[in-house]
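Trainee: return a 3D structure for these sequence lines:
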Amino acid sequence: MTLSFRADMDKDFELMDPAIIAAAAAQGMTVTGAIERATEFGMTLRALLGLEDAPLSEVAFTYVPNGPLVEPAQEASLPTQMRNLLRWYKDFIKNKAGKEYIYAEVREEHHFKLYSVQVHMSELFQLLNLRELDKSILSCYVLMKLGECKKRNIHDVGFIDPHIVNGYVLERYPQDVERDLYKFLKEQQLKSQILFPYHFGVLIMDSLNMDSKLWVGIRLMLQKVWKRFKDKITGEFKDELEFKRLVNVDTQPPGTNLCGYYVCEFIRRHTSERRPTNINLRRNDLRKKLSPETRFRPIQEELAGFLVRKVLHPK
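Mentor: Next up, the predicted model:
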C-alpha cells in the first residue's frame, strides 16, 4: 500500500467519521469545508474541531492587552499603512497610556449629528490579523468612504452608520434606532443608493443569505420608518420597501468569519471602483481567484491608513 493511497483512505474515513461529522456541523461547516480550513491553518482536522488538543505550535495567536498585535515573524511583511499602525501601537504601549480604546470623531457633515465611534485595541489586532471585524471598524470604513465620495464628487451614494443602527441598539433602544433611521432617510432622500452594513450584535452578516427570522426586527423597523418617511416627505415613493436577494454577489465561504471584509469590498466597489472601466472589471475578476490574505490586504491597508491619519493623528 503506497503512502498516497493510505492518505486517501484516511481522508475517506474522516468524511464518514460520525464524531467529525457532528463536530463540523456544530460549527456550521461540512466535513469537506472543515478539512479545507484545517489545511489553511496548518492543523489536523480533529484539532480544528476540538476533538483533540492542538500542539503548542498550533495554538492560535490571540490578543492580550498591551501585548503584540502581530507575531514578530510577520512584521517585516506588513505593507506601509499596517506597519505605521503597528508602530503607533508600540509607542502607545511603551508610554503606558493605559487606555484600551481610540475614538473616531463623527461630525454632522458625516451622519447629521455629533458622536464618537469607540474602537477597542483588540479590533486593531483583528484587523492586522485578518480576523472578524466589529461594527466599529465597519463604521470607520464608512467614514473613510464618505470623505472619499466628497473628494471625488460622488453625491448619489449614502450610508447608514452601523455604529448607531445595529442589532444591540435595536433590541435595547428601539426608539433611538427609529429616530436615527428616519434621519438617515430624510437627509439622504435624493441619493440613488443608501448602503447599510447592518450588524446583528456579534458579526457583520449577509442578511438576505440568512434565515429571515434572524433579522425580522430590523426589517419591521425599516418598514415602520419608511411609512413615516413616505407620509411626511413629498415625492413618488413605493408604499413598502422591497427586500430582494442579490445574485452573483460574493459572500464569505461557509465556516469563515471574513464577512466584514466582503462588506467593505462591496462598499468599495460602489464607491472607489464604481466606474465600469476595464481595470475595475479585471480587478473584480482577479479577486475571485486570490486567497483571502491577498484579496483583503487592500482593505486592511485602507483601514490602517485611515486610522493613522484621521483617528490617531487628525488634523
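Trainee: which element is the residue most central in space within the chain on?
Mentor: Nearest to the geometric centre of the chain sits residue 260, at 1.3 Å (C-alpha atoms, centre = their mean). Secondary structure from DSSP states H and E places residue 260 in helix 259-269.
Trainee: show me the contacts for the closest residue to residue 195 other than its chain neighbours.
Mentor: Among residues not flanking residue 195 along the chain, residue 159 sits closest, at 5.2 Å (C-beta to C-beta, 6 or more residues apart in numbering). Quick note: C-beta positions are derived from backbone N, CA and C, even for glycine. Contacts for residue 159 (C-beta atoms under 8 Å, 6 or more residues apart in numbering) come out as 111, 142, 145, 146, 194, 195, 196.
Trainee: and which of those is nearest to residue 81?
Mentor: residue 145 (15.9 Å; C-beta to C-beta).
Trainee: now the contacts of residue 159 as TSV including pLDDT?
Mentor: Listed next are the contacts of residue 159 as TSV, based on pLDDT from 0 to 100:
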residue	pLDDT
111	94
142	97
145	97
146	96
194	93
195	93
196	91
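Trainee: isn't the residue nearest to the centre of the chain right up against residue 139?
Mentor: No: counting by C-beta atoms under 8 Å, residue 139 is not a contact partner of residue 260; they are 11.1 Å apart.
Trainee: and the helix holding residue 260, which residues are buried?
Mentor: By 16 or more other C-beta atoms under 10 Å, the buried positions in helix 259-269 come out as 259, 260, 261, 262, 263, 264, 265, 266, 267, 268.
Trainee: skip the chain neighbours and tell me the closest residue to residue 100.
Mentor: That would be residue 121: by C-beta to C-beta, 6+ apart, it lies 5.3 Å from residue 100.
Trainee: tally up the residues packed near the one you found, please.
Mentor: By other C-beta atoms under 10 Å, 19 other residues sit near residue 121.
Trainee: what segments of the stretch 51-200 of the chain are helices?
Mentor: Using DSSP state H, counting those that start in this stretch, the helices of the stretch 51-200 of the chain run over residues 72-75, 80-94, 108-111, 121-128, 135-151, 167-172, 174-187.
Trainee: break this structure into its domains for me.
Mentor: 3-58, 132-312 (automatic domain parsing).
Trainee: can you say which of those is nearest to residue 89?
Mentor: domain 132-312 (9.4 Å).
Trainee: now the end-to-end length of that closest one.
Mentor: 22 Å (C-alpha to C-alpha, to the nearest Å).
Trainee: I figured residue 306 hits residue 146, correct?
Mentor: No: Residue 306 lies out of contact with residue 146 (C-beta under 8 Å); the separation is 11.0 Å.
Trainee: which one of the two is surrounded by more residues?
Mentor: A side-by-side neighbour count of residue 306 and residue 146, using other C-beta under 10 Å, places residue 306 first with 22 against 19.
Trainee: list the residues that contact the more buried one.
Mentor: 140, 141, 143, 144.
Trainee: what subset of the residues you listed is buried?
Mentor: 140, 141, 143, 144.
Trainee: show the contacting residues for the first one.
Mentor: Taking C-beta under 8 Å, 6+ apart, we find residue 140 in contact with 104, 117, 119, 303, 306, 307, 311.
Trainee: the closest residue to the last one other than its chain neighbours: neighbour count?
Mentor: When you say that, I think you mean residue 311. Distances taken as C-beta to C-beta, 6+ apart place residue 104 nearest to residue 311, at 4.8 Å, with adjacent residues excluded. Residue 104 is flanked by 23 other residues according to other C-beta under 10 Å.
Trainee: separation between residue 104 and residue 136?
Mentor: Relative to residue 136, residue 104 is positioned 8 Å away (C-beta to C-beta, to the nearest Å).
Trainee: ditto for residue 102
Mentor: Taken as C-beta to C-beta, the span from residue 102 to residue 136 is 10 Å.
Trainee: now list the buried members of the contacts of residue 159.
Mentor: With neighbours counted by 16+ other C-beta under 10 Å, those contain buried members at 111, 142, 145, 146, 195, 196.
Trainee: thought the second one was touching residue 165?
Mentor: It stands for residue 142. No: using C-beta under 8 Å, residue 142 is not in contact with residue 165, being 11.2 Å away.
Trainee: now the stretch 101-250 of the chain, which segments are flagged as low pLDDT?
Mentor: Scanning the stretch 101-250 of the chain for pLDDT under 70 picks out the ranges 199-212, 246-248.
Trainee: at 50 instead, please
Mentor: 201-205 (pLDDT under 50).
Trainee: tell me how far residue 261 lies from residue 121.
Mentor: In terms of C-beta to C-beta, residue 261 sits 20 Å off from residue 121.
Trainee: what residues of the helix or strand containing residue 226 count as buried?
Mentor: Using DSSP H and E, residue 226 sits within helix 216-232. The neighbour-count check on helix 216-232 (16+ other C-beta under 10 Å) flags 218, 221, 222, 225, 226, 229, 230 as buried.
Trainee: before we move on, back to that, can you put the domains of the chain in TSV and add distance to residue 95?
Mentor: Shown next, in TSV, are these (distance: least, C-beta to C-beta, whole Å):
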stretch	distance to residue 95
domain 3-58	32
domain 132-312	13
